[in-house]
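Undergrad: missing the sequence, but the structure's below:
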């Protein structure tokens, strides 16, 4: 089974360790004196090496060995890592990642180059790894049986430390014919005998075809502390009394010690990011998705039950229905919580990106993150990665000025990139702010005119110009640099964000920088909605967008005909008659309602026939046939089993909603 | 049924130990670091403990030392896993009370051999 495959677990684990290692190295770069960071880096390398060798990633183990040695030296000597060493180690991290992902497709030349850099830094020849990767065993071949006379005496505390001498004698019996005799000569008087101690020795007559080392292997863990004498017997001669204690034998091959190596102190306790790993369970995302689906179905079934119970007016049934409603709401929240992850996991990845960008572009900068603990649906965090990379790259590449320009403008030499996340209502706002030059509106206009996106000389407001940034194919980069301005543009960023039912806004001030804010719903699967009726159709308006509901009285209705503005406590709010938008031609009822929704900076009223109430909605996406119906973001199934469409408020308010029934649009 | 505790910060190693030993008919419990291992060992009796040395929070040496300090763990075999070729660490671990060791990487058969060495065939 895939999920029980330790190799798959190792890949995942190595990916986590490498990410942790990368963070540790970056932290070390900022704070080279932190001993706990050096220990943490060493430990990560050590685990990658050990587990790598174990699961067949010998090239990973070989490669990592030298880095482990380097950090072990640091650890023991108390020296500080140089920035150059950290650069090399970061490159090493990338190489290990490549080896784990695709060992065969990774050219060893890269690895060799990194290792030779490392050795140069350490000023030493390449140490050999091969002790870890090739634990050789003596070949077993047919050999004549030899008779041995063995004398064994263990240290008195042998059993306390977990060794059972009787099991070792059993092991000897497994090697061949065996006669065992106890030696009781060292037994203390009964009054002085500690029952936990072992004072019995044994004499063993063993005939075996196994080599002498096989006998030593039986005692390998106690060899140093025991008396073991192994004497080859001359053929059929009786067991010679050979009780003279002999010194313990030399260590086994695995034990060859480098005596010059200083004794390593116990690793101090480090509060590391890995600490909380033990208390978590890793679950395949697919299973979570299935759970979410089931919960979604349950919420729908529960809504039907509630409606039935309501119709029957049977108190007992209603009580059960309410209980189930409460439980399923709890279950839904818990299930949704399972999918939530702190966005910090994503932010951490960008530190490396920014570090590299800063170096490549020669723009010293400070990267500040906040709101790492903000939780967001896991799928969204993953989908957010690419757009954020793009926005951050843009901020560093286009937003920030070079140090000389900054100095000339009276700013500090070091630029600032601030990445933050926070909860606002039912949304999470993720923003990337730079303190660079700000958007150059004149250049955006020139570029747009050049690319035919804007009629030359046509009036365009600031926000319209800013929106052009997101037009397909638009790029303001004066020259295409290696980092940005290549094909994948802000249009893709916008599409990705909108596919998550999110929005992207830009604010900018000349000379002070710009801010890209991505507004995202908390989850993709379930929303709280306001259920409304328009003619015979039922629709769901996401509750997060609803500001208030007001009555549209007949006078207002008639007065506003043709103008479609409503006076809400002194503020003029434009409104949209959904009846007209949806091509319903029959006359509306007496008491129409206006649902005032907010989207971005604007407020818009949506005129509906009736407000049916609050509805928890499991979003089902529309089929591909309906994908371009901009006014709806999805559909849901109601308690009575009938579908309702979910309004895409952003699209409606943005005025880009095409008439749904274009052929019979109301006059 | 004999119960074995595997203490390792590497889930893949724990998983491998568990798979191999469960197939051989042992019951296996896992802990992700020394302090979790100690907590488990305090609430449940184990017939064999297999622990890594290099771990966060509480390393293997401290775990071995503290286990040996518990009356219930006098005489319980404790095996440590190590990649170090240097003997000093083995001496330290033995001084702390370890019974034996296994060098990483190890094969399934080596693990089974160790289990039967300390728990009987």
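TA: Arrived safely, thanks for sending. Predicted, not measured: the structure shown is a model, and the values here were computed from it.
Undergrad: give the contact list for residue A:641.
TA: Shown in contact with residue A:641 (C-beta atoms under 8 Å, 6 or more residues apart in numbering or on different chains): residue A:304. For the C-beta atoms, the positions are set from N, CA and C on the backbone; glycine is no exception.
Undergrad: any idea how far residue A:308 is from it?
TA: When C-beta to C-beta, to the nearest Å is applied, the distance between residue A:641 and residue A:308 equals 11 Å.
Undergrad: other residues contacting the strand or helix carrying residue A:393?
TA: Residue A:393 is part of helix A:378-394, with elements assigned from DSSP states H and E. The set of residues that contact helix A:378-394 without belonging to it, under C-beta under 8 Å, 6+ apart, is A:285, A:288, A:339-341, A:343, A:345-346, A:349-350, A:353-354, A:357, A:376, A:417, A:419, A:430, A:432, A:483-484, A:488, A:490, A:492-493, A:496-497, A:499-500, A:516, A:518, A:520, A:523-524.
Undergrad: what's the first helix or strand after that helix?
TA: Note on helix A:378-394: by DSSP H and E, the next helix or strand toward the C-terminus is helix A:403-408.
Undergrad: mind listing residues that contact the helix or strand that that following helix is followed by?
TA: Proceeding N to C from helix A:403-408, the next assigned helix or strand is strand A:415-424, under DSSP H and E. Counting by C-beta under 8 Å, 6+ apart, strand A:415-424 makes contact with A:343, A:347, A:350, A:354, A:363-372, A:374, A:376, A:388, A:392, A:395-396, A:400-401, A:406, A:428-436, A:513, A:519, all of which sit outside it.
Undergrad: mind listing the strands strand A:415-424 pairs with, and their directions?
TA: Sheet neighbours of strand A:415-424, with direction, are listed as strand A:365-370 (parallel), strand A:427-434 (antiparallel) (DSSP bridges).
Undergrad: now the terminal residues of stretch A:569-581, how far apart.
TA: Taking C-alpha to C-alpha, to the nearest Å as the measure, stretch A:569-581 stretches 26 Å from start to finish.
Undergrad: now it: mean pLDDT?
TA: Along stretch A:569-581, the predicted local confidence has a mean pLDDT of 84.
Undergrad: again, but for stretch A:320-330
TA: For stretch A:320-330, the mean confidence score works out to 90.
Undergrad: which SSE is immediately downstream of the helix or strand encompassing residue A:24?
TA: Remark: residue A:24 resides in helix A:6-30, with elements defined by DSSP H and E. Next helix or strand after helix A:6-30 toward the C-terminus (DSSP H and E): helix A:35-54.
Undergrad: SS state for the residue nearest the centre of chain B?
TA: Centroid-nearest residue in chain B: residue B:50, 1.2 Å away (criterion: C-alpha atoms, centre = their mean). Using DSSP: H, G, I helix; E, B strand; the rest coil, the secondary structure recorded for residue B:50 is strand.
Undergrad: surely it touches residue B:76?
TA: No - with contact defined as C-beta atoms under 8 Å, residue B:50 and residue B:76 do not form a contacting pair (11.6 Å).
Undergrad: circling back: could you dump the strands paired with strand A:415-424 into CSV and include mean pLDDT?
TA: As requested, the strands paired with strand A:415-424 are exported to CSV (pLDDT from 0 to 100):
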stretch, mean pLDDT
strand A:365-370, 90
strand A:427-434, 90
